[in-house]
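>>> have a look at this fold, sequence not included:
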C-alpha cells in the first residue's frame, strides 16, 4: 500500500470513531427535513388559516358570503381602527361613502388579510358592475376590450418551488461540503499538533505530499457524504410534501437526472477544495480550537453566493462570473434545477475554477505542512 | 575503523532569530549508548531534530550511516527511530493500530506487517493492552506504544529525547532497560537528557553542550574526570563556559 492509501485508511478509521463528525453528519441528514417540515406546516397553516375582520356599519348584501367563503370571519367592533392594532387582523368601516380599511403592515397576518380583502372586494365590485350592465342590456365584456388568456409554459406552482429549491439546495450543498468535514479536517491537521503526533508522522519516510493527499481524500469523502446525506434527506422530505392546490397543478418536488449529476459533480469539487482549504487553515493553527476560529469566516462565503440567487433570481451573468468559486457552483446548480439545462461552457469554467482553487489550497497546505516553523512553534 | 552511525560536523542552526547551535560536532557509533547532555535550552532537542531531518542545518553537516540529511532525508528517516518525552499517539486507534500505522508508513511490507507488529508487542510486553484504544492507556503504556512505533521498522539508530521525564519510577526503569537491550543488539542509541544520574549509569560516551556549543566530549569516565560524579563535572564545565 502506498502512503496515500495508508493515511486515507487511518484517517477514515479515526473519523468514524469520532463522535463530533458522526453527530455533524447525523444532524445534516435530520436538520434539513425538520426545517422543511416546519416550513411546510407554517405555509399550510397560513394558506388555510381564517382571518378576522373587525367591522362597523352595514356590510353590503352578498359581501359577507364572499368573505366567509374565502376564510374571512366578520366580527362587529366599535372602532375598526383601534381593533386592527391587536384585536382583529384587519378593520373595515362600512359607510355610504365607501369602505375605510385599517391594518398594521408590520403584522404578517394583517398583510395576508389585506390581500384577501382586496381580492374579495375587487371580485365583488366586478360582479356588481357586470350585474348593473346586464340589467341595462349591455354586455359586461365591454369593460374588458382586450381579454388576456394566460398560458404558463410550466406550472407556476412548480416554478415557485424550483425557485425555492434553487436557493436552498446550493446553500445546503455548499454548507455541508464545508461543515461536514470541518471537524475531521481540523482534527487531522491542528489535531496532529495538539496531540503531539505531528513530529512522529513527519519522521516517517513517507513523502509529505502523499500524507497530505491521504488526509485530504479522507476529509473529502466525509464532506461529500455529509452533503449527499443532507440533500437526499431533503429530497425524501420534499417528496412527501404535496405542492399546489388546483387539480392538474399538484406535484411533488424531484430532482431531474441532469440536475442530480451536476449536483454530485459539483459536490465532489467543492468538498475537495474545502478539504484542502480547511486542512491548510488547520495546519496554521496550534490546536483544534484555534483552527475553528480560523475557519469561522468560511461560513460567510457559503451564505453570500446562495443569497444572490435568493435576492436576484434572474441574475444571468457572463462567463467571467463563473470563474468566481462558490458563486459559479450556485449559478450552475440554479440553471440545472430551475431550467433543467446546463451551459456546458459555464460548467467547464466552473469545474476548472474549482479544480484550480483546490489545487492552490493543496499547494498552500503542502507548503504549510512542510515548513520548519510548524515544529518549532509547537 | 568502522563508519560512525551518526556523524555531526560543525553543525549550526538558528530558529527564527535565535542561534541555537554554534558549530556542534560529535560522532555516535553502533553498539553504544551515546549521551547528549546539557541544561534546558542548550540545543539538545534541536540537534536531534536536525539528525532526524525534521530541521535543515544552516551550516555544517549530519550523516546517518553515510546518508547526508540534506541530500537523502528519506534514507535517513528509514534508519532512525525517535522517542520523545511528548507521547503523541492517536487516541481513537488501538495500541496495535498505532504501531501498525507507523510500520506501514516506514515501509514495512504487507507480508511482514503483522509479524513485525506482533514481535514488537511481545518484546515490549504489550499484549495485555494491544487491542485497547490509546485514549484508555496509562502514561507508561502510552510510552511503550511510542517506543514500539519508533522501533517497529527495526532502525539501526535510536534516539531518545528526555524519554523518562513524564514517567513514574517503574516505567522509567523499563525505558532504561530497553535502551541497554537495544545497545546489546548492536543499535546506536543516542540518549538526550538533563538527568545526569541516568546518563552516568547508561552512557558509554557523552557530549555536553551548553549555549549551542560542545563543552566536553569523551567517555563517561573521561568527562567525569576527577569529580565525584558526572553532575559535579557538568556543573563545573557549564560554569566555566559561562
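Sure, I can see it. Here the structure is a predicted model, which is why all the values come from computation and not from measurement.
>>> burial count for residue 78?
Going with chain A. For residue A:78, the count of nearby residues is 8 (other CB atoms under 10 Å in any protein chain shown). Yep, even glycine has a C-beta here, placed from its N, CA and C like the rest.
>>> not what I meant, chain B
Applying other CB under 10 Å, we find 18 other residues in the vicinity of residue B:78.
>>> hang on, it packs against residue B:108?
No - using CB atoms under 8 Å, residue B:78 is not in contact with residue B:108, being 10.5 Å away.
>>> most proximal residue of the stretch 101-250 of chain A with respect to chain B?
Proximity of the stretch 101-250 of chain A to chain B (CB to the nearest CB) peaks at residue A:196, 3.0 Å away.
>>> wait, is that residue part of a helix?
No - if the criterion is DSSP: H, G, I helix; E, B strand; the rest coil, then residue A:196 is coil and not within a helix.
>>> okay, it: pLDDT?
With respect to pLDDT, residue A:196 scores 88.
>>> ok, and what's touching stretch A:211-218?
Contacts with stretch A:211-218, where a contact means CB atoms under 8 Å, 6 or more residues apart in numbering or on different chains, come from A:3-8, A:10-12, A:15, A:184-185, A:188-189, A:201, A:272, A:275-276, A:279, A:362, A:365-366, A:369, B:105.
>>> which among these end up buried?
A:3-4, A:6-8, A:10-12, A:15, A:184-185, A:188-189, A:201, A:272, A:275-276, A:279, A:362, A:365-366, A:369, B:105 (16 or more other CB atoms under 10 Å in any protein chain shown).
>>> just say helix, strand or coil for the residue sitting nearest the centre point of chain B.
Residue closest to the average C-alpha location in chain B (CA atoms, centre = their mean): residue B:159, at 1.6 Å. With three-state DSSP as the basis, residue B:159 sits in strand.
>>> returning to what we had before: between residue B:78 and residue B:108, which contacts overlap?
Shared contacts of residue B:78 and residue B:108 (CB under 8 Å, 6+ apart): residue B:153.
>>> pretty sure the residue nearest to the centre of chain B sits against residue B:190.
Yes - applying CB under 8 Å, one finds residue B:159 in contact with residue B:190, separated by 4.5 Å.
>>> okay, and the common contacts of these two?
Taking CB under 8 Å, 6+ apart as the contact rule, the neighbours common to residue B:159 and residue B:190 are B:48, B:51.
>>> near chain A, which residues of chain B? Just list them.
B:15-16, B:49, B:52-56, B:74-75, B:77-78, B:80, B:82, B:84, B:86-93, B:97, B:101-102, B:104-107, B:110, B:146, B:149-150 (CB under 8 Å from any CB of the partner chain).
>>> try 6 Å
Neighbours of chain A within chain B, by CB under 6 Å from any CB of the partner chain: B:15, B:52, B:54-55, B:74, B:77-78, B:82, B:86, B:88, B:92, B:101, B:104-106.
>>> return the subset of these lying in strands.
Assigned to strands by DSSP state E, the following of the residues of chain B next to chain A qualify: B:15, B:82.
>>> which one among the residues of chain B next to chain A gets closest to chain A?
For the residues of chain B next to chain A, the nearest to chain A is residue B:88 (3.0 Å; CB to the nearest CB).
>>> so where do the strands sit in chain B?
Secondary structure of chain B (DSSP E): strands located at B:6-15, B:18-28, B:32-37, B:59-64, B:67-68, B:80-84, B:157-161, B:188-193, B:205-210, B:213-219.
>>> any stretches of chain B with poor pLDDT?
Counting by pLDDT under 70, chain B contains low-confidence residues at B:1, B:242.
>>> what about the longest helix in it?
Ranked by residue count, the top helix of chain B under DSSP state H comes out as helix B:169-184.
>>> which residue is nearest the centroid of chain A?
residue A:168 (1.7 Å).
>>> what helix or strand is that one on?
Element membership for residue A:168, per DSSP states H and E: helix A:156-179.
>>> still on that earlier bit, what's the closest non-adjacent residue to the residue of the stretch 101-250 of chain A closest to chain B?
Leaving aside its sequence neighbours, residue A:196 sits nearest to residue B:88 (CB to CB, 6 or more residues apart in numbering or on different chains; 3.0 Å).
>>> can you get me a residue count around the one you found?
20.
>>> show me what contacts it?
A:195, A:196, A:197, A:200 (CB atoms under 6 Å, 6 or more residues apart in numbering or on different chains).
>>> buried ones among the residues of chain B next to chain A?
For the residues of chain B next to chain A, a burial check counting by 16+ other CB under 10 Å picks out B:15, B:52, B:54-55, B:77-78, B:82, B:88, B:92, B:101, B:104-106.
>>> touching the helix or strand where residue A:292 lies from outside, list them.
Assigned by DSSP H and E, residue A:292 falls within helix A:288-295. For helix A:288-295, contacts defined as CB under 6 Å, 6+ apart pick out A:182, A:186, A:190, A:191, A:194, A:278, A:281, A:282, A:285.
>>> among those residues, name the ones in helices.
Reading helices off the contacts of helix A:288-295 with DSSP H, I get A:182, A:186, A:190, A:191, A:194, A:278, A:281, A:282.
>>> in contact with the fifth one, which residues?
Meaning residue A:194. With CB under 6 Å, 6+ apart, residue A:194 has these contacts: A:287, A:288.
>>> how near is it to residue A:287?
Counting by CB to CB, to the nearest Å, the gap from residue A:194 to residue A:287 is 4 Å.
>>> just list what the longest helix of chain B packs against, helices and strands only.
strand B:188-193 (3 or more CB pairs under 6 Å, 6 or more residues apart in numbering or on different chains; DSSP states H and E).
>>> how about residues contacting the strand it packs on?
Applying CB under 6 Å, 6+ apart, the contact partners of strand B:188-193 are B:5, B:28, B:30, B:33-36, B:44, B:48, B:157-162, B:179, B:182-183, B:199.
>>> most neighbours of all the contacts of residue B:88, which one?
Counting neighbours by other CB under 10 Å, residue A:200 leads the contacts of residue B:88 with 26 neighbours.
>>> can you classify that residue as helix, strand or coil?
Residue A:200 - assigned by three-state DSSP - is helix.
>>> and if you look at residue A:73?
strand.
>>> so what's it up against?
The contact partners of residue A:73, by CB under 6 Å, 6+ apart, come to A:50, A:52.
>>> kindly report the same for residue A:180.
By CB under 6 Å, 6+ apart, the neighbours of residue A:180 are A:28, A:223, A:226, A:227.
>>> any idea which of these is least confident?
residue A:28 (74).
>>> for burial, what's the neighbour tally of that one?
23.
>>> that one and chain B, how far apart?
Residue A:28 is 21 Å from chain B, where distance means CB to the nearest CB, to the nearest Å.
>>> same deal with residue A:355?
Residue A:355 is 28 Å from chain B, by CB to the nearest CB.
>>> wasn't that residue part of a strand?
No - under three-state DSSP, residue A:355 sits outside any strand and is assigned helix.
>>> report the angle between the biggest helix by length in chain A and helix A:156-179.
Identified as the longest helix of chain A according to DSSP H is helix A:208-239. Angle, helix A:208-239 to helix A:156-179, by axes from the mean of the first three to the mean of the last three CA atoms, to 10 degrees: 150 degrees.
>>> buried stuff in helix A:208-239?
For helix A:208-239, by 16+ other CB under 10 Å, it's A:209-231, A:233-235, A:237-238.
>>> ok, now stretch A:275-288?
Buried residues in stretch A:275-288, defined by neighbour count with 16+ other CB under 10 Å: A:275, A:276, A:277, A:278, A:279, A:280, A:281, A:282, A:283, A:284, A:285, A:288.
>>> for these, give me CSV that also has distance to residue A:138.
Formatted as CSV, the buried residues of stretch A:275-288 follow (distance: CB to CB, whole Å):
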residue, distance to residue A:138
A:275, 74
A:276, 75
A:277, 72
A:278, 74
A:279, 78
A:280, 78
A:281, 76
A:282, 79
A:283, 83
A:284, 81
A:285, 81
A:288, 81
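>>> looking at these, which is nearest chain B?
residue A:288 (12.6 Å).
>>> report pLDDT for that closest one.
The score at residue A:288 is 89. That number is its pLDDT.
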